[in-house]
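Undergrad: Using only what follows, build the 3D model:
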Amino acid sequence: MKTNGVLTALALVLPLASPALANKVYVSNEKGNTITVLNSDTWEVTAEFPAGNRPRGIGISPDGKHLYVCASDDDTVRVFDAETYQELWTLPSGPDPELFVMHPSGEYLYIANEDDNLVTVVDTANRTVVAEVPVGVEPEGMAISPDTRFVINTSETTNMAHFIDTSDYKIKHNVLVDQRPRYAVYTRDGSRLFVSSEIGGTVSVIDPNAEGGPVTLQKIGFEVPGVQPEWLQPVGMKVTSDGKWLFVALGPANRVAVIDVASGEVAKYILVGQRVWQLAFTPDEKYLITTNGNSNDVTIIDVEKQEALKSVQVGQQPWGVVVAPD
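TA: So this is what the prediction gives:
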């Protein structure tokens, strides 16, 4: 059974409820070298524009005015006007920027430089490098604690989550996780940190505030009937603001796992497009958007119902996704 057929059928029986105000959804197309823009009311593509070579990590300023894109093969972060899509300037990202996290103030970007084993800290206003932090081999995942005290980097080959103090840019803790950690995300209250390990096939649940340093509380695995275990590769994640649900993209398994945070159990698997990679909520958390690299589309998930509603074709090999704030 084809995935797209399943989702088309779902779309017929599960119509989308229109949010009060539409938001722009920006999708980075890794192979197409473009950004696709969708309207979150109609889910129609409204624009597509060039974004440099191999755009991956993507984010938006807190005021919604500036779109930041890691142009990995250009060794820079490109900054666009979020309304006109005009490129405004570039930032000195360091070599091969893949993912970044932004300080809630918008003042700093913390960028993973995959080829140089560094996290580069960039002042977005002055467009200067503030610090370069040596980390493990092949850094990728980035997160910032809600109190902004720590930036987390995951290193794919070293298999660690590094806790970088934002006051002095020194690593204060290292937590060993499973093989090839890809992504990290905090609960809004800062009580838990989740790290996905693509090859290890697990999500590590970490207490970042434990006395004596961060402690791994649990490792969550995945099992889907009819899907080979090696296809269950957790990558991108998002947790609801109330801390109840963690959504995990499972790569070539073409599923998003829904985890009950309180119990640490998988409650459901949602069938989406092929090679699901990254995820983003709309600001009201009614919808979750997935990027599906091999089917060149995004899937729209109803968060409350935990069901896929429809898929929309975008550019070639979609990788990252971000939604403009209200």
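Undergrad: can you give me the helices in this structure?
TA: With helices called from DSSP state H, the chain shows them at 3-13.
Undergrad: Where does pLDDT dip in the stretch 101-250 of the chain?
TA: For the stretch 101-250 of the chain, no stretch is flagged by pLDDT under 70.
Undergrad: got the residue ranges for the strands in it?
TA: Assignment of strands within the stretch 101-250 of the chain using DSSP state E, counting those that start in this stretch yields the ranges 108-113, 118-123, 128-134, 139-144, 150-155, 160-165, 171-176, 181-186, 193-197, 202-207, 215-220, 237-239, 245-249.
Undergrad: which one of those lies closest to residue 314?
TA: The closest of the strands of the stretch 101-250 of the chain to residue 314 is strand 245-249. By Cβ to Cβ, the value is 15.8 Å. No exception for glycine: its C-beta is placed from N, CA and C like everyone else's.
Undergrad: list the contacts for the residue lying closest to residue 50 once chain neighbours are set aside?
TA: Residue nearest to residue 50 in three dimensions, not counting chain neighbours: residue 34, with 5.7 Å by Cβ to Cβ, 6 or more residues apart in numbering. By Cβ atoms under 8 Å, 6 or more residues apart in numbering, the contact list for residue 34 reads 48, 49, 50, 51, 55, 315, 316.
Undergrad: list the contacts for the closest residue to the second one other than its chain neighbours?
TA: What that stands for is residue 49. Excluding the flanking residues, the one nearest residue 49 by Cβ to Cβ, 6+ apart is residue 85, at 4.3 Å. Counting by Cβ under 8 Å, 6+ apart, residue 85 touches 35, 37, 47, 49, 67.
Undergrad: Closest one to residue 132 out of those, please.
TA: Within the contacts of residue 85, the smallest distance to residue 132 is 24.3 Å, found for residue 67 (Cβ to Cβ).
Undergrad: ok, what's across the strand from the closest one?
TA: With DSSP bridges as the criterion, residue 67 is bridged to residue 60, residue 80.
Undergrad: ok, it - contacts?
TA: By Cβ under 8 Å, 6+ apart, the neighbours of residue 67 are 26, 35, 58, 59, 60, 61, 79, 80, 81, 82, 85, 322.
Undergrad: Just the buried residues out of those, in ChimeraX syntax.
TA: Entered in ChimeraX, the line below selects the buried ones among the contacts of residue 67, by 16 or more other Cβ atoms under 10 Å:
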select :26,35,58,59,60,61,79,80,82,85,322
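Undergrad: Nearest approach to residue 90 belongs to which of the strands of the stretch 101-250 of the chain?
TA: Nearest to residue 90 among those is strand 118-123 (10.5 Å), distances taken as Cβ to Cβ.
Undergrad: Now the closest one: buried residues?
TA: Residues of strand 118-123 classed as buried by neighbour count (16+ other Cβ under 10 Å): 118, 119, 120, 121, 122.
Undergrad: cool, and stretch 255-267?
TA: Residues 255, 256, 257, 258, 259, 261, 266 are the ones in stretch 255-267 that count as buried (16+ other Cβ under 10 Å).
Undergrad: Just the pLDDT at residue 82, thanks.
TA: For residue 82, the pLDDT comes out at 98.
Undergrad: nearest residue to it other than its sequence neighbours?
TA: residue 67 (4.7 Å).
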